[in-house]
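*Asks:* Can you look at this prediction? I've put the sequence above it.
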Amino acid sequence: MSAKRFKTLSGFLTNVSPVKEGKKQHNWAEGHIQTGGSTEEKVLFFFEKPKVSSSLYENALSACNNKTAVAVSGLSEDEDGSFLTCRTSEIKPRQVTFDRREMTDTKIDLGSALTTAPSSDDTVTISGRVVKLNPITFIMKYDNVTHQKVKKTYRTGVVADLTGAVMVMLWEDIANDIREDSSITLCNMRSTIDGNGFSYFTTTFRSELKNSLESCDDYDEDAAEALRVRRTGLRVRVCMASCPQPVHGGYVLHWVATQSVSAK
């Protein structure tokens with residue numbers, strides 16, 4: 001049997017998530033490394049319970065915060081294209097031939113949100129009134145930690161302000177915590193497109209839900225009603241054929257099987 005081949009990724013760590021509790025023997029964290037001008041890969045860090053950190057993880061946080069180029073070695077590639085760290089993984093400074101792409105989280109008006117939202121890995125902050133929430137739905141998603149399909153929570157809804165309205169897809173804690181008719185701010189949302197070419201915003205692992213201090217009682221009712229009538233929800237379809245996809249850090253991506261989202 002041939003020895004397992006480990007890989008090295010060189011570039012800029014663009015984000016590193018907080019440590020999350022795993023269901024079995026390991027806690028874990030997720031990071032993304034820019035490996036070219038417009039390419040990015042997902043890296044998963046593991047910690048044997050009860051540990052919630054390691055020198056490798058701390059070096060990753062430091063490189064991300066300091067915006068320094070590094071080489072991450074000792075990685076194995078999973079079947080969905082994610083790169084997994086191991087006990088021998090290391091992070092060391094490394095010169096690269098491309099510049100670090102600056103990531104932004106810009107607050108935008110909902111009326112122009114879908115035309116002005118960044119098309120790459122940049123995120124946006126949207127604020128408004130939750131005028132529609134569809135029921136919580138569950139879907140089976142492949143988990144890189146347990147290597148099994150686990151049940152994930154999501155729901156869709158409509159957020160509106162005076163300038164317009166947008167459809168949003170919310171995952172996990174945010175899907176459970178958000179309330180209809182509340183005035184909210186959603187940070188680090190990403191613009192994406194469903195299988196029918198309809199644009200909407202989805203949460204990422206960096207997304208935050210904040211209750212607004214100012215009530216958004218006035219909003220574009222016509223735009224909100226159009227979405228409520230024409231787009232009552234987004235449906236996630238999972239296909240069993242394997243197909244590598246680019247890493248964007250959101251919950252909607254990174255499936256072992258391909259998936260598409262369609263408006264009902």
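*Replies:* Cool, got the structure. Numbering: from 1, shown residues only.
*Asks:* Quick check: phi and psi at residue 64.
*Replies:* Here the main-chain torsion angles of residue 64 (degrees, to the nearest 10) amount to phi -70, psi -50.
*Asks:* In this model residue 14 seems to touch it, though I could be wrong.
*Replies:* Yes: when contacts are counted by CB atoms under 8 Å, residue 64 is listed as touching residue 14 (7.0 Å). Just so you know, the C-beta spots here come from the backbone N, C-alpha and C atoms, and that holds for glycine as well.
*Asks:* Does residue 132 touch residue 155 like I think?
*Replies:* No: under the contact definition of CB under 8 Å, residue 132 does not touch residue 155, with a separation of 10.5 Å.
*Asks:* if we can go back for a sec, overlap in contacts of residue 64 and residue 14?
*Replies:* Shared contacts of residue 64 and residue 14, defined by CB atoms under 8 Å, 6 or more residues apart in numbering, are not found at any residue.
*Asks:* Now stretch 125-136: buried residues?
*Replies:* Within stretch 125-136, the residues that count as buried by 16 or more other CB atoms under 10 Å are 125, 126, 127, 128, 129, 130, 131, 132, 133, 134.
*Asks:* go on, stretch 204-215?
*Replies:* 204, 205, 206, 207, 209.
*Asks:* ditto for stretch 161-171
*Replies:* Of all the residues in stretch 161-171, those buried under the rule 16+ other CB under 10 Å are 161, 164, 165, 166, 167, 168, 169, 170, 171.
*Asks:* Domain map for this protein?
*Replies:* Using automatic domain parsing, the domain parsing of the chain gives 7-93, 105-263.
*Asks:* I'd like to know which of those is closest to residue 99.
*Replies:* domain 7-93 (7.7 Å; CB to CB).
*Asks:* How far off centre is that closest one?
*Replies:* In this view, domain 7-93 has its centroid 16 Å away from the chain centroid, taken as CA atoms, centre = their mean, to the nearest Å.
*Asks:* again, but for stretch 185-195
*Replies:* Relative to its chain's centre, stretch 185-195 lies at 9 Å (CA atoms, centre = their mean).
*Asks:* Using CSV, write out every CA atom in that stretch.
*Replies:* Only the C-alpha atoms of stretch 185-195 are listed here, as CSV (Å, rounded to 0.1, in the frame of the first residue of the first chain):
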residue,chain,number,x,y,z
THR,A,185,-29.5,43.7,10.9
LEU,A,186,-27.8,40.7,9.3
CYS,A,187,-24.0,41.0,9.0
ASN,A,188,-21.8,39.0,6.6
MET,A,189,-24.5,37.9,4.2
ARG,A,190,-23.5,36.6,0.8
SER,A,191,-25.3,37.2,-2.5
THR,A,192,-26.0,34.0,-4.5
ILE,A,193,-28.3,32.8,-7.3
ASP,A,194,-30.7,29.8,-7.2
GLY,A,195,-31.3,27.2,-10.0
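*Asks:* Next up, the contacts around the nearest residue to residue 141 once chain neighbours are set aside.
*Replies:* The shortest distance from residue 141 to any non-neighbouring residue, by CB to CB, 6 or more residues apart in numbering, is to residue 152 (4.4 Å). Residue 152 makes contact with 138, 139, 140, 141, 171, 172, 251, according to CB under 8 Å, 6+ apart.
*Asks:* Report the rounded mean pLDDT for the strand or helix carrying the second one.
*Replies:* Per DSSP states H and E, residue 139 falls inside strand 137-143. Looking at strand 137-143 alone, the average pLDDT works out to 79.
*Asks:* got it, and stretch 74-91?
*Replies:* Stretch 74-91 comes out with an average pLDDT of 88.
*Asks:* Now the terminal residues of that stretch, how far apart.
*Replies:* Terminal residues of stretch 74-91 are spaced 9 Å apart (CA to CA, to the nearest Å).
*Asks:* same check, this time on stretch 32-44
*Replies:* Counting by CA to CA, the terminal residues of stretch 32-44 are separated by 9 Å.
*Asks:* Can you give me the buried ones in that stretch?
*Replies:* For stretch 32-44, the neighbour count (16+ other CB under 10 Å) marks 32, 33, 34, 35, 40, 41, 42, 43, 44 as buried.
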